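[1] Structure for this input, please:
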Amino acid sequence: MSLLSIITKALNALDLDDEVNRLVIDRTVNVCRNRPHPWSTKHDYISWSGLTDRTYNARLLPAKAGDRVLDLCAAPGGKTLQLAARGCHVTALDVSDHRLEWVRENLARTGLTAELVAADALRWQPDALFDHILIDAPCSATGIFRRHPDVLHLKGNTDLAPVTLLQAALLRRAAAWLKPGGRLIYATCSLFPKEGERIAERVIAGLPREMIEASELPAGLKPAADGWVRTLPGQVEGGIDGFFIARFRKLPD
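    Presented below is the predicted three-dimensional model:
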């Protein structure tokens, strides 16, 4: 059985909508060639290859030098490094101190600094509000299938209820830590709308969605009508992972 046939069968098992299936299946052959990404630069922590290593989400935050920024679920640290490179005061929070060791190593390698916190975000409380927050939420990780095709077989029948409850709880909790006027990015590397669009559609008082503009995205990508971004493997030359990204802005008090 060909790789395309295997992936097609696995995608059908995921019960995605027809548009997602068509886009992913039609372009799988090009994606699986895994050519070098056209946006890469020599600095891996500030490159458009962040579409595969998750640092891309940080590019959609208007964070500037001196801003307090929370990177929630921070490991392995690509987003933290990108924000620290802008001069932001970054708090990198992750439930696993072991995973934060990767962040420490990356900070040491690049000469950048950030505050590292090993804690459960559902229990932790910051001592001050943040200018911006980035949530790269725990998820099924089905969007990485171009690099790890087996994930579709491993996660195809996964019960998403526990992880979606966690995602919604993280979003609600983080909203309370954001300064008025601040932005929050919610992202997952999942193909399931339950982990992306359905979470972003939930109404959180004082935290409306903010449109992501086409001008903020690289060629080949465009926002959905609702203003969020859904990337699919094969959308751009060289391939990207499947991601969902939504941006919110805290209303003034």
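[2] Within the sheet, what are the partner strands of the longest strand anywhere in the chain, with directions?
    Looking across the chain with DSSP state E, the single longest strand is strand 178-188. Its sheet considered, strand 178-188 pairs with strand 130-136 (parallel), strand 243-249 (antiparallel) by DSSP bridges.
[3] Any idea which of those gets closest to A108?
    Closest to A108 of the strands paired with strand 178-188 is strand 130-136 (C-beta to C-beta; 21.5 Å). Yep, even glycine has a C-beta here, placed from its N, CA and C like the rest.
[4] tell me the average confidence for that closest one?
    With pLDDT averaged residue by residue, strand 130-136 scores 97.
[5] And for stretch 224-231?
    In the prediction, stretch 224-231 has an average pLDDT of 90.
[6] in the stretch 151-253 of the chain, which spans are helices?
    151-155, 161-175, 197-200 (DSSP state H, counting those that start in this stretch).
[7] C73 is nearest to which of these?
    Across those, C73 has its closest neighbour in helix 161-175 (7.7 Å, C-beta to C-beta).
[8] which other residues reach the closest one?
    70, 72-73, 121-122, 133, 135, 137-140, 184, 186, 188, 194-195, 198-199, 202, 204, 206-207, 248, 250 (C-beta atoms under 8 Å, 6 or more residues apart in numbering).
[9] Next, the angle from it to strand 130-136.
    Angle of helix 161-175 versus strand 130-136, following axes from the mean of the first three to the mean of the last three C-alpha atoms, to 10 degrees, is 170 degrees.
[10] Tally up the residues packed near P252, please.
    7 (other C-beta atoms under 10 Å).
[11] right, I mislabeled it, should have said P193
    For P193, using other C-beta under 10 Å, the count is 16.
[12] and it, how far is that from G206?
    Going from P193 to G206 by C-beta to C-beta, to the nearest Å gives 25 Å.
[13] L207 versus L184, what's the distance?
    Counting by C-beta to C-beta, the gap from L184 to L207 is 7 Å.
[14] out of those two, which sits in the busier spot?
    L184 (26 against 20).
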